[in-house]
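Colleague: what shape does this take:
(one chain, ligands or ions: 1)
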Amino acid sequence: MDQPILETERLILRPFVDGDAPRIAELAGDKSIADTTIRIPHPYSEAMALEWIGTHKAVRGEELALFYAVDLKESGELVGSTGIDIDILHSRATIGYWIGREHWNKGYATEAASILLEYVFNVMKFHKVDSHHFARNPASGRVLEKLGMKREGLLRGHIKKSGVWEDIIEYGILDHEYGQLESSLQRSR
Ligand SMILES: CC(C)(COP(=O)(O)OP(=O)(O)OC[C@H]1O[C@@H](n2cnc3c(N)ncnc32)[C@H](O)[C@@H]1OP(=O)(O)O)[C@@H](O)C(=O)NCCC(=O)NCCS
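Modeller: Numbering: from 1, shown residues only. Okay, here's the model as predicted:
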């Protein structure tokens with residue numbers, strides 16, 4: 001499966017390289033990232049980041065997932081990550097993201113996820129993109145709303161994180177809805 005570099009006004013999305021491990025450990029090692037993500041543990045070491053990066057080629061080859069580093073175009077600074085888990089059988093991608101705490105609320109998660117969404121629908125030609133967030137993490141829900149995704153429901157006590165059962169809110173967008181969204185955006189330009 002291809003993984004082209006994706007570009008937005010302020011960001012470059014590119015595959016991770018081993019040299020990113022220290023920066024990932026620094027950013028994702030902040031407790032605020034582990035707190036609202038399902039898979040990121042705390043503490044999160046450089047060795048764990050390196051091991052994670054080491055899985056990317058295989059999961060891409062098996063069409064199971066794509067992971068992108070999110071860099072600021074101007075400075076080259078790595079500020080976060082976005083990616084998709086892939087379900088080929090159902091032509092569906094589940095989008096995820098995190099942004100280093102010092103860069104929150106600058107629109108980076110929305111900007112990065114939005115170019116990935118465009119890639120999934122317009123190039124990969126998938127049928128659906130979904131995502132979910134802990135009910136206590138409204139900032140992520142806001143990102144998904146800004147992407148044009150619809151809230152599909154609340155899954156009670158669905159995930160156990162750090163020994164606590166968490167409610168999950170599920171979002172999704174279908175290919176025809178994305179097409180309508182794109183044409184209405186183009187009309188308003
Ligand atoms: C969730 C996260 C990715 C958002 O990244 P970000 O780059 O700050 O997101 P954006 O700037 O694109 O958008 C954030 C939106 O949430 C809003 N927001 C922030 N805190 C909020 C809160 N407590 N309640 C409601 N909305 C909130 C912001 O105002 C903004 O919306 P606006 O543009 O309408 O003002 C970031 O907080 C993060 O990495 N958190 C830890 C990891 C995580 O939770 N990942 C997602 C797992 S589902």
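
Colleague: which bits of this protein sit near the ligand?
Modeller: Contact residues (Cβ under 6 Å from any ligand atom) of the chain with the ligand: 32-33, 36-37, 97-99, 104-110, 133, 137-140, 142-143. (C-beta placed from N, C-alpha, C; glycine too.)

Colleague: put the buried members of those residues into a PyMOL selection.
Modeller: Buried residues among the residues of the chain next to the ligand (16 or more other Cβ atoms under 10 Å), as a PyMOL selection:
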select buried, resi 33+36+37+97+98+99+107+108+109+110+133+137+140+143
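
Colleague: looking at the residues of the chain next to the ligand, which are in strands?
Modeller: Members of those lying in strands (criterion: DSSP state E): 97-99, 133.

Colleague: just the endpoints, please. Distance across stretch 70-77?
Modeller: 8 Å (Cα to Cα, to the nearest Å).

Colleague: now it: average pLDDT?
Modeller: Stretch 70-77 comes out with an average pLDDT of 98.

Colleague: state the distance from the closest residue to S91 other than its chain neighbours to the ligand.
Modeller: Leaving aside its sequence neighbours, S91 sits nearest to H127 (Cβ to Cβ, 6 or more residues apart in numbering; 3.9 Å). Separation of H127 from the ligand (Cβ to the nearest ligand atom, to the nearest Å): 22 Å.

Colleague: where do the strands of the protein begin and end?
Modeller: Under DSSP E, the chain gives strands at 6-7, 11-14, 65-72, 78-87, 92-99, 128-134, 150-161, 164-174.

Colleague: possible to save those as a markdown table with distance to S114?
Modeller: Shown next, in a markdown table, are the strands of the chain (distance: least, Cβ to Cβ, whole Å):
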| stretch | distance to S114 |
| --- | --- |
| strand 6-7 | 10 |
| strand 11-14 | 10 |
| strand 65-72 | 12 |
| strand 78-87 | 10 |
| strand 92-99 | 10 |
| strand 128-134 | 11 |
| strand 150-161 | 16 |
| strand 164-174 | 11 |
